[in-house]
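A.B. asks: A structural model of the following input is requested.
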Amino acid sequence: DLQPPVMIITLCNSQKRNVVSRSDAEALAHAFLQFERHTRIKTGKPCKGGAKVAVLYGEGGTFCAGADLKSMDNRFEQVIGDKRLDMTGPMGPSRMMTSKPVIAAVAGHAVAGGLELAVW
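C.D. replies: Here you go, the predicted structure:
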């Protein structure tokens with residue numbers, strides 16, 4: 001959700017304590033690339049002023065319980081646009097470097113890879 005100058009990125013799998021599956025990790029990587037590029041996720045058009053900060057939040061009283069180990073392997077590569085993402089480990093998005101601040105709005109548990117996301 002983009003509300004310039006803030007982009008809010010929400011983990012929305014509260015039934016499973018916001019575990020991150022492979023597809024969720026890819027979606028997070030895509031969201032952070034969009035944040036880095038100052039574009040709207042749904043339309044792909046440039047934003048007026050763009051996002052200057054991102055807030056990562058987990059729904060349902062848990063920030064993130066880490067990787068969904070049933071759905072992830074240990075290594076995968078993803079290409080989004082012109083960037084190749086080498087996402088080693090289950091929480092690949094935390095390996096990304098951004099030029100702008102990302103705030104983890106931790107409410108509830110942050111364990112394993114969820115803690116990795118929180119301190120990244």
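A.B. asks: isn't Pro5 up against Val53?
C.D. replies: Yes. With contact defined as CB atoms under 8 Å, Pro5 reaches Val53; the gap is 6.5 Å. Where you see a C-beta, it was placed from the backbone N, CA and C, and this is true even at glycine.
A.B. asks: so which residues of this structure form strands?
C.D. replies: Secondary structure of the chain (DSSP state E): strands located at 2-3, 6-11, 53-58, 62-64, 75-80, 83-88, 102-105, 109-110.
A.B. asks: which helices and strands sit right next to the fourth one?
C.D. replies: This points to strand 62-64. Packed against strand 62-64 by the contact rule (3 or more CB pairs under 8 Å, 6 or more residues apart in numbering; DSSP states H and E) you find strand 109-110, helix 113-119.
A.B. asks: tell me which helix or strand in the protein has the weakest average pLDDT.
C.D. replies: Ranking every helix and strand in the chain by mean pLDDT, DSSP states H and E puts strand 75-80 at the bottom, with a mean of 48.
A.B. asks: would you agree Ala110 is in contact with Cys64?
C.D. replies: Yes. If you go by CB under 8 Å, Ala110 and Cys64 touch, sitting 5.8 Å apart.
A.B. asks: tell me, what's touching those two both at once?
C.D. replies: Common neighbours of Ala110 and Cys64, counting by CB atoms under 8 Å, 6 or more residues apart in numbering, are 58, 117-118.
A.B. asks: in TSV: the residues you listed, plus distance to Glu26.
C.D. replies: Converted to TSV, the shared contacts of Ala110 and Cys64 look like this (distance: CB to CB, whole Å):
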residue	distance to Glu26
Gly58	18
Leu117	15
Ala118	20
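A.B. asks: and these as TSV, adding neighbour count, distance to Asn18 and pLDDT?
C.D. replies: Formatted as TSV, the shared contacts of Ala110 and Cys64 follow (neighbours: other CB atoms under 10 Å; distance: CB to CB, whole Å; pLDDT from 0 to 100):
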residue	neighbour count	distance to Asn18	pLDDT
Gly58	27	4	94
Leu117	24	10	87
Ala118	17	11	88
